[in-house]
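> Dropping a prediction and its sequence here:
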Amino acid sequence: MPSQLIDPTDLAFQLFDVADADRLTSLPRFKGQDRETYTAILDAARILAAEKFRNHYRLGDRNEPHLVDGKVVLPREIADGVRAFHEAGFASAHADEAFGGLQLPWTVVQAAFAHFQAANIATVAYPFLTIAAANLIDAHGAPDQKERYLPALFAGRFFGTMALSETQAGSSLSDIRTQAAPLEGNLYSIRGEKMWTSGGEHEMAENIVHMVLARTPGAPNGVKGLSLFIVPRYRMNEDGGVGASNDVVLAGLNHKMGYRGTVNTFLKFGESDGCIGELVGEPNRGLSYMFHMMNEARIGVGMGAGMLAYTGYMESLSYAQERRQGRPPGSKNPGSMQVSLLAHADIRRMLVLQKAIAEGCLSLALICARWVDDRRWADDEVKRARANLLLEIVTPVLKAWFSDAALRANEAAIQILGGYGYTRDFPVEQIYRDNRLNPIHEGTNGIQAIDLLGRKVSMQAGAAFTALLEEIETVCRQAGTGFPDQADALLQAAGKLKSVTSAHLGKAGGAGIDWALAPAQAYMDAMGGLVLAWIWLRQALAAERHPDPAFRTAKIETCRYVFTWELPKALLALDQIGGLKQERFPYPSADIFGGAPP
């Protein structure tokens, strides 16, 4: 087993040299902070993640949540890890000082959080959801809601969840049926069911705060009629303490392929007409509020997928360094000494694939986190608006393309270990199973692709798309001297992306919306490949200044691999999109599958 979760040299490089976190200290929000402070935070996270999260990664998988006398039972180590996380202040590290926070940049907090995702993706889901719920209340809640809930959430006394999906709705949130009947003030009687609610029931906290989407009487149909409610498991007393049950009932546990340490629930609200929820913000704006939590979660999903790719890479690299097997193709003497797996070119191919995806994903996730900081704290409106545009178009790529790519990386890790990788003797099979959730939750990857092609590239007359192309062009100009071949290749690819996008959207009006969105996955493949190349050219540029020659060479060689083997796949996807005929739908009709039911 490797001795470290994330290469600390790489993480420092990504945070300070690529994401340029040092510059954040010039903003009033982060006055008095410095690199020494941030490094100390990373060191503390690395130690805590290794001691309190990694120690039960396999245990949590093999001891799934189960019911005893109607209560969810989890391994004690999960509660110990989450408690240590909160006691160390990581949940509130980004929060206002008024709520017990350190006001650290989100970029630095995410760099620290990456250690916990690499150590134990299932256990870290509990604080992940709690932080997201707290941030949602902080962004859209009333002052009294912030006062009652935020200190308890940030301290770990309360946990949070996201309660969106329902059995009949799945990802189609327009079909949500949960009802909210007005009582007095901003209080509502909640009645309905929610499926797939992670962290929905356990005994690790005094209370669980559910962020629930529901419909008020007379609300418009579809997503425009959804409102957002704070629905605690137990009602709140006037003194802020926990009171009686709020009629939130566990109806069942979902047993999963991976992420087994994260309890996943089917919940019923208000079966006895005793469930009270508090309206957040204005009625019928719930989905727009919830997107604050969901978009944050999507960045976290992308980072989590990348950290599982990173962990698989570290595991398979360690194995390849130690395992001796076979001989080079030119050596046929069976009596000669076996060589390390690293001596085989195909093993190195699979290792560099993992390195490219894992370190590329970490890099992009931290840049997205930097845009989150810039969107809120930058010193002028132009910078804030640009950061928001870049987040809009890159978030679906980070969530969807990189979570798919992370599975490719995990497959390579299993393949390197061979038969051992397919057994439970080594963790790479669990890493793959855990990672398989990431293309599904927080908006399936198919939905992310449709959102990218159908909305994000054309939003605000193409402003987000243009902003991303400008970022790519800037890096290419900077790389023109040191990496002329890569800079030229990426510029040409960006130009092709622009022309194919324009041509396809131009045809869409005459061909219909179904035809226009049919190649959404191919478009995501194209965009993802370009973003991967962009992020690696950015790393190669920064690595030229790195003092460690071995580190510098590794970054530059991996960049060359990406441009040789990964960027051409993006160009192929663009060729496929460009070659589509308007008069023919790109996929077979439902008839070949027996026809779609009425």
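That came through, no problem.

> Quick check: mean pLDDT of stretch 509-529?
The average pLDDT for stretch 509-529 rounds to 95.

> Which positions in that stretch come out as buried?
Of all the residues in stretch 509-529, those buried under the rule 16 or more other Cβ atoms under 10 Å are 511, 515-529. Glycine gets a C-beta too; all of them are placed from N, C-alpha and C.

> nearest to Phe426, of these?
Phe426 has its nearest neighbour among the buried residues of stretch 509-529 in Gly528, at 28.7 Å by Cβ to Cβ.

> quick check: longest helix of the chain.
Secondary structure of the chain per DSSP state H: the longest helix is helix 286-322.

> where's Leu530, which helix or strand?
helix 520-543 (DSSP states H and E).

> Show me what that helix is packed against.
Using 3 or more Cβ pairs under 8 Å, 6 or more residues apart in numbering; DSSP states H and E as the contact test, the elements touching helix 520-543 are helix 345-377, helix 402-417, helix 445-451, helix 459-479, helix 484-511, helix 549-561, helix 567-578.

> switch the cut-off to 7 Å
helix 345-377, helix 445-451, helix 459-479, helix 484-511, helix 549-561, helix 567-578 (3 or more Cβ pairs under 7 Å, 6 or more residues apart in numbering; DSSP states H and E).

> which one of the ones you listed is the most hemmed in?
The highest mean neighbour count among the helices and strands packed on helix 520-543, using mean count of other Cβ atoms under 10 Å, belongs to helix 345-377: a mean of 23.

> Just want the angle from the helix or strand immediately after that one in the chain to helix 345-377.
Counting by DSSP H and E, the element after helix 345-377 in chain order, helix or strand, is helix 381-396. Using axes from the mean of the first three to the mean of the last three Cα atoms, to 10 degrees, the inter-axis angle of helix 381-396 relative to helix 345-377 is 140 degrees.

> What mean pLDDT does helix 381-396 get?
97.

> for stretch 307-316, same thing?
When pLDDT is averaged over stretch 307-316, the result is 98.

> Put the alpha carbons of it into CSV.
Extracted in CSV, the C-alpha atoms of stretch 307-316 (Å, rounded to 0.1, in the frame of the first residue of the first chain):
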residue,chain,number,x,y,z
MET,A,307,-9.3,11.5,-6.1
LEU,A,308,-10.4,8.0,-6.6
ALA,A,309,-8.5,8.0,-9.8
TYR,A,310,-5.5,9.3,-7.9
THR,A,311,-5.8,6.7,-5.2
GLY,A,312,-6.1,3.9,-7.8
TYR,A,313,-3.0,5.4,-9.6
MET,A,314,-1.0,5.4,-6.3
GLU,A,315,-2.0,1.8,-5.5
SER,A,316,-1.2,0.5,-9.0
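
> any residues touching it, and which ones?
Residues outside stretch 307-316 that contact it (Cβ atoms under 7 Å, 6 or more residues apart in numbering) are 2, 5-6, 114, 117-118, 121, 351, 354-355, 357-358, 361-362, 406, 409-410, 413, 416-417, 426-428, 431, 434-435.

> Please report the distance of Leu136 from Leu187.
According to Cβ to Cβ, to the nearest Å, Leu136 stands 19 Å off from Leu187.

> one step back: could you figure out how far the helix holding Leu530 is turned away from helix 402-417?
Orientation check (the same axes, to 10 degrees): helix 520-543 against helix 402-417 gives 70 degrees.

> hey, C-alpha coordinates of helix 520-543 in CSV?
Taking Å, rounded to 0.1, in the frame of the first residue of the first chain, the C-alpha atoms of helix 520-543 are listed here in CSV:
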residue,chain,number,x,y,z
ALA,A,520,-24.5,15.6,-26.7
GLN,A,521,-22.2,12.8,-25.4
ALA,A,522,-19.9,13.2,-28.4
TYR,A,523,-19.8,16.9,-27.7
MET,A,524,-18.9,16.3,-24.1
ASP,A,525,-16.1,13.9,-25.2
ALA,A,526,-14.8,16.7,-27.5
MET,A,527,-15.0,19.4,-24.8
GLY,A,528,-13.5,17.1,-22.2
GLY,A,529,-10.5,16.2,-24.3
LEU,A,530,-9.8,19.8,-25.1
VAL,A,531,-10.1,20.8,-21.4
LEU,A,532,-7.8,18.0,-20.4
ALA,A,533,-5.2,19.2,-22.9
TRP,A,534,-5.6,22.8,-21.8
ILE,A,535,-5.1,21.9,-18.1
TRP,A,536,-2.0,19.8,-18.9
LEU,A,537,-0.5,22.5,-21.1
ARG,A,538,-1.1,24.9,-18.2
GLN,A,539,0.7,22.4,-15.8
ALA,A,540,3.6,22.0,-18.2
LEU,A,541,4.1,25.7,-18.3
ALA,A,542,4.1,26.0,-14.5
ALA,A,543,6.4,23.0,-14.2
